[in-house]
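**Student:** Next one to model:
(one chain, ligands or ions: 1)
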Amino acid sequence: MGRLSGKVALVTGGALGIGAACVTRMIEAGAKVAIVDLHDGTGQALARQHGGNARYFHADVSVEAEVAAAIAGTVEAFGRLDVLVNNAGITGPNKPTHELTEAEWDRVQAVNVKSVFFGTKHAIAPLRAAGGGSIINLSSIYGLVGAPDLPPYHASKGAVRLMSKTDALLYAADRIRVNSIHPGFIWTPMVEQHIASMGGDPEQHRRDTGALHPLGHMGDADDIAWGVVYLACDESKFVTGSELVIDGGYTCR
Ligand SMILES: NC(=O)c1ccc[n+]([C@@H]2O[C@H](COP(=O)([O-])OP(=O)(O)OC[C@H]3O[C@@H](n4cnc5c(N)ncnc54)[C@H](O)[C@@H]3O)[C@@H](O)[C@H]2O)c1
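**Tutor:** Alright, predicted model coming up:
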């Protein structure tokens with residue numbers, strides 16, 4: 001028996017990066033997993049790789065009807081929902097606050113914050129029907145501490161941290177646990193693009209970014225996926241409203 005045998009999970013942004021690692025590690029632990037993303041080719045290929053244990057659903061997480069349809073499709077395909085991983089996110093433009101447009105601000109909040117609202121809203125009924133479950137929201141070290149860049153992104157991750165605590169309180173009586181995860185820098189397409197946008201030598205930027213972590217390097221997507229497996233499974237049955245920090249010591253200082 002795997003730690004997630006019999007459970008059905010949905011991972012937004014599951015085609016690439018941290019989301020894809022969560023899909024693979026949860027399936028290895030015995031779950032059936034719905035992959036929700038916009039990258040259809042990559043998401044479908046990942047689903048095929050896992051045979052009948054995965055299904056791909058195209059949805060933009062900033063559009064409520066698409067999120068609702070993906071959750072309904074997951075329940076139809078696998079019969080239930082036990083775990084929701086609100087993982088999809090974007091960094092948005094790297095500009096100081098006074099140069100940002102309203103549209104740039106709104107897009108980051110739509111993808112990073114409204115998505116968590118939509119996912120949670122439409123997951124509550126199937127999670128209640130399953131007798132409880134686990135919602136895992138991807139925040140960031142930048143939901144805990146500040147940095148002098150990416151203002152809309154950091155605001156969005158602070159919001160996700162507190163939304164997790166509110167929903168933990170609201171749904172505890174339904175045995176639905178809600179926790180946030182706070183990764184340090186993890187080597188994924190998101191960070192690769194962020195580093196490329198800085199100009200200069202990307203290898204040097206990679207080393208410098210790694211050195212921000214007391215452990216001396218960036219994390220891997222699996223470092224986060226193992227935390228997701230823990231929060232998804234019954235070993236964490238007494239854990240709700242918590243902040244799981246997986247950051248190589250970044251926020252210790
Ligand atoms: N990589 C890091 O260093 C890091 C650190 C802290 C927090 N996080 C958070 O972890 C999560 C995953 O990050 P990642 O590094 O794997 O990112 P990534 O860019 O590598 O992958 C994100 C995935 O989300 C999907 N996605 C983006 N917008 C979407 C939308 N509107 N609808 C549906 N899918 C969408 C993308 O297609 C992609 O598959 C994000 O919420 C991110 O903010 C990442």
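**Student:** who in the stretch 101-250 of the chain is up against the ligand?
**Tutor:** Counting by CB under 6 Å from any ligand atom, the residues of the stretch 101-250 of the chain lying close to the ligand are Val111, Leu138, Ser140, Pro183, Phe185, Ile186, Thr188, Pro189, Met190, Val191. Backbone N, C-alpha and C define where each C-beta goes, glycine included.
**Student:** Strands of this protein, start to end?
**Tutor:** Using DSSP state E, the strands found in the chain span residues 8-12, 32-37, 54-58, 83-86, 133-138, 176-183, 243-246.
**Student:** How about the contacts made by the residue nearest to Phe118 when sequence neighbours are not counted?
**Tutor:** Using CB to CB, 6 or more residues apart in numbering and skipping the chain neighbours, the partner closest in space to Phe118 is Val67 (4.2 Å). Val67 makes contacts with Thr12, Val36, Ala59, Val61, Ser115, Phe118, Gly119, His122, as judged by CB atoms under 8 Å, 6 or more residues apart in numbering.
**Student:** confidence score at Val67?
**Tutor:** Looking at Val67, its pLDDT reads 99.
**Student:** and if you look at the one 3 residues further on?
**Tutor:** We have a pLDDT of 99 for Ala70.
**Student:** my guess is it meets Asp37, correct?
**Tutor:** No: using CB atoms under 8 Å, Ala70 is not in contact with Asp37; the gap is 9.6 Å.
**Student:** Now for the two: what residues contact both?
**Tutor:** Ala59.
**Student:** my read: Ala110 touches Glu64, true?
**Tutor:** No: using CB under 8 Å, Ala110 is not in contact with Glu64, being 10.5 Å away.
**Student:** What are the boundaries of the helices in the chain?
**Tutor:** For the chain, helices defined by DSSP state H occupy the ranges 17-28, 40-49, 64-78, 102-109, 115-129, 151-171, 189-196, 202-211, 221-232.
**Student:** Lovely, talk soon.
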